[in-house]
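Asker: Turn this into a structure:
(2 chains)
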Amino acid sequence: MKVLKLIFKNSLRHKLRTSLTILGIAIAVIAFGLLRTVVTIWDSSVDAAGADRLITRQSVSFIFPLPLAYKTKIEAVPGVKAVCSAAWFGGTYIDKSNFFARQAADDNVFDVYPELLLTPKDFDTYKKTRNGCIVGASIAEQFKFKMGDIIVLDGDIFPGRWEFVVCGIYQPKNKNTDGTQMFFHYDYLNEKIKQTSPGRGDQAFWYIVQINDPNKSAQISEQIDAIFKNSTAETKTETERAFTQGFVAASGAIISAMNFMSYAIIGIIMLVLANTMIMSARERTREYAVFKTLGFSALHLTGLILGESMVISCVGGGIGLALLYPIVAGFEQVMPKGFFPFFFIEPITAILAVSSAVLIGFLAAVFPIQRALSTKIVDGFRFVG
Amino acid sequence: MAAIIQVKNVAKSYWRNSLEIPVLHGITLDVEEGEFMALMGPSGSGKTTLLNLIAGIDRPSSGKLSVAGTDIAKLNESALAKWRSANVGFIFQFYNLIPVLTAYENVELPLLLAKLSRAERKKHVENVLNIVGLGDRIYHYPKQLSGGQEQRVAIARAIVTDPAILVADEPTGDLDKNSAQEILTLMGRLNKEFKKTIVMVTHDQHAAERATRLLHLDKGDLSANGKN
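Answerer: Predicted coordinates:
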């Protein structure tokens, strides 16, 4: 008990220095947590991909469409359970900053994506409404969409003014399920585009292929691509995970840099705390000699120095972690809407942040402990700081 | 009386790079239980080195050193630390109190190594602080005390474990005349009333006169040996 008291008193001996070090650690933990949150959220879109879903797209790029006739051919491939045509709509809702994913898809999209939970009643209303749409709960909350509301989009890929009626709001099944998407009937898009640009009709940007056995994804992918080989629009079929990874990989350098930065911050703050501890231990060289003279063992001195380092790092880490949650929430508010489909601190991020603080405390104490233990009592008394 | 400190042919050298610097040359000395011995000599004569050897905070290069019945040269660091905590009290020139601890907590420090209850520790600490005349200053921090009071706290810390031997390195070296007299009176009392064996290093002739025995060291050799 007394030793703990001494550790705390030693920690507060230089209040300004300790406070600045604690502040530094807290900021480092916040920066680490924020960067890791961005990285993990980015990666979690890949993790959320279904194992039983394949994506068939144009072999050159998904921005080039595929003929709608491919759908029935893909459905005929053994092992394929369902096929859903999809097209990226883009467009603007009131302002360009109001970003969320808008897609035209076949009505079976909610069968293919069972993690998007929709009531049968809403789905029934949606099916009966030609220009109906379904929106995710997150954007419904963000833009105050409710049943029957009209959403007006200004088209860019598909030019014109587009009006959609909100027929349902889907709920994400899991925490990492995207709740920021808007779906409307592919048939509606196709009908309208055939009226304005007949040459662009009967085309899908990609097909979502649900398969019976995820273990046969490679084999089925090959079979699908083989059907359209040497055609004018060859296909590339891959797992949804690989397809999503393709998007993420485009930002790979930034993510890698953020990853590196998050750990570099930890390294820098470790040096700061180590510097504080070395200064403290150096100033107390005579005191350590006194402790040894009085009979205190190497273990006692190790406990005193390590304890002080851990107190500083854990208090800094604790403050940083406590502030991380409101800061991440604030960060989410100031980010362009829909930039991240979801934004929350993964438990692993909090664990890593706390572990880093503990590790920093431990490592920063190593050199001062080694120095205190190796200094002879007589040399300690002669020391002039 | 039996010799509580037996120094036989003890030599001590320090090494600076490959250069050997001899400090003590074959010192032989017996200190009897209850003696108050003063060690005098010019700077660099080896007084503090001899004191450190007797106190077990340094090791001789050769010779035999028996203190309180233990051949301390043969003890390892851990055993030596335990031995020191049980047998020797230290009084330093610059007090060496821990600045973040109160007078009470500074005096309590050596007792944390003993298996004593909180109440027992309190009893011991209050007792020795009363002996040194600081019963009313127990919750004062070192910076709130005068030099003489700080040294009295240091003396209380040295005697709180009731060691047989007190070693003092220039205990009045940093004090004014009056405070120095108070400290020397207190040490005399500890010697006479509480039967502590005291070995004191000093440059001060007046301080040395309080001792019952005076030794002179010069260039690592005992050059005089007499009774006050």
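
Asker: Residue A:230 - how many residues pack around it?
Answerer: 6 (other CB atoms under 10 Å in any protein chain shown). Using the backbone N, CA and C atoms, a C-beta is placed for each residue, glycine as well.

Asker: Go ahead and report the secondary structure state at it.
Answerer: Three-state assignment for residue A:230 (DSSP: H, G, I helix; E, B strand; the rest coil): coil.

Asker: do you know how far it is from chain B?
Answerer: 83 Å (CB to the nearest CB, to the nearest Å).

Asker: Contacts only, for residue A:86.
Answerer: If a contact means CB atoms under 8 Å, 6 or more residues apart in numbering or on different chains, then residue A:86 has A:103-106, A:109, A:186, A:204-208 as its contacts.

Asker: Tell me where chain B is predicted with low confidence.
Answerer: Judged by pLDDT under 70, chain B has its weakly predicted residues at B:1, B:224-228.

Asker: Ignoring the adjacent residues along the chain, who's closest to residue B:3?
Answerer: The shortest distance from residue B:3 to any non-neighbouring residue, by CB to CB, 6 or more residues apart in numbering or on different chains, is to residue B:30 (3.9 Å).

Asker: which residues sit against whichever strand or helix holds that neighbour?
Answerer: Assigned by DSSP states H and E, residue B:30 belongs to strand B:19-32. The set of residues that contact strand B:19-32 without belonging to it, under CB under 8 Å, 6+ apart, is B:1-15, B:37, B:46, B:49-50, B:53-54, B:60, B:63, B:197, B:199, B:213, B:215, B:220-222.

Asker: please redo it, this time with the cut-off set to 7 Å
Answerer: B:1-14, B:37, B:46, B:49-50, B:63, B:197, B:199, B:220-222 (CB atoms under 7 Å, 6 or more residues apart in numbering or on different chains).

Asker: Which of these fall within helices?
Answerer: Mapping those onto helices (DSSP state H) picks out B:49-50.

Asker: residues contacting residue A:38?
Answerer: residue A:258.

Asker: top strand in chain A by residue count?
Answerer: strand A:160-172 (DSSP state E).

Asker: That strand packs against which elements?
Answerer: strand A:116-117, helix A:120-128, strand A:132-136, helix A:137-143, strand A:150-155 (3 or more CB pairs under 7 Å, 6 or more residues apart in numbering or on different chains; DSSP states H and E).

Asker: average model confidence for it?
Answerer: In this model, strand A:160-172 has a mean pLDDT of 93.

Asker: got the angle for that strand vs strand A:132-136?
Answerer: In terms of direction (axes from the mean of the first three to the mean of the last three CA atoms, to 10 degrees), strand A:160-172 departs from strand A:132-136 by 50 degrees.

Asker: With distance to chain B as extra columns, can I get the helices and strands packed on strand A:160-172 in TSV?
Answerer: Converted to TSV, those look like this (distance: least, CB to the nearest CB, whole Å):
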stretch	distance to chain B
strand A:116-117	60
helix A:120-128	67
strand A:132-136	58
helix A:137-143	53
strand A:150-155	66
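
Asker: Let me know which of the ones you listed is tucked in deepest.
Answerer: strand A:132-136 (a mean of 25; mean count of other CB atoms under 10 Å in any protein chain shown).

Asker: Tell me the strands beside that one, with direction?
Answerer: strand A:160-172 (parallel), strand A:181-185 (antiparallel) (DSSP bridges).

Asker: got the angle for it vs strand A:150-155?
Answerer: Using the same axes, to 10 degrees: strand A:132-136 against strand A:150-155 is 90 degrees.

Asker: got a list of contacts for strand A:132-136?
Answerer: A:118, A:125-126, A:145, A:151, A:164-170, A:172, A:178-185.

Asker: Now chain B against chain A: closest residue?
Answerer: Across chain B, the shortest distance to chain A (CB to the nearest CB) belongs to residue B:85, at 2.6 Å.
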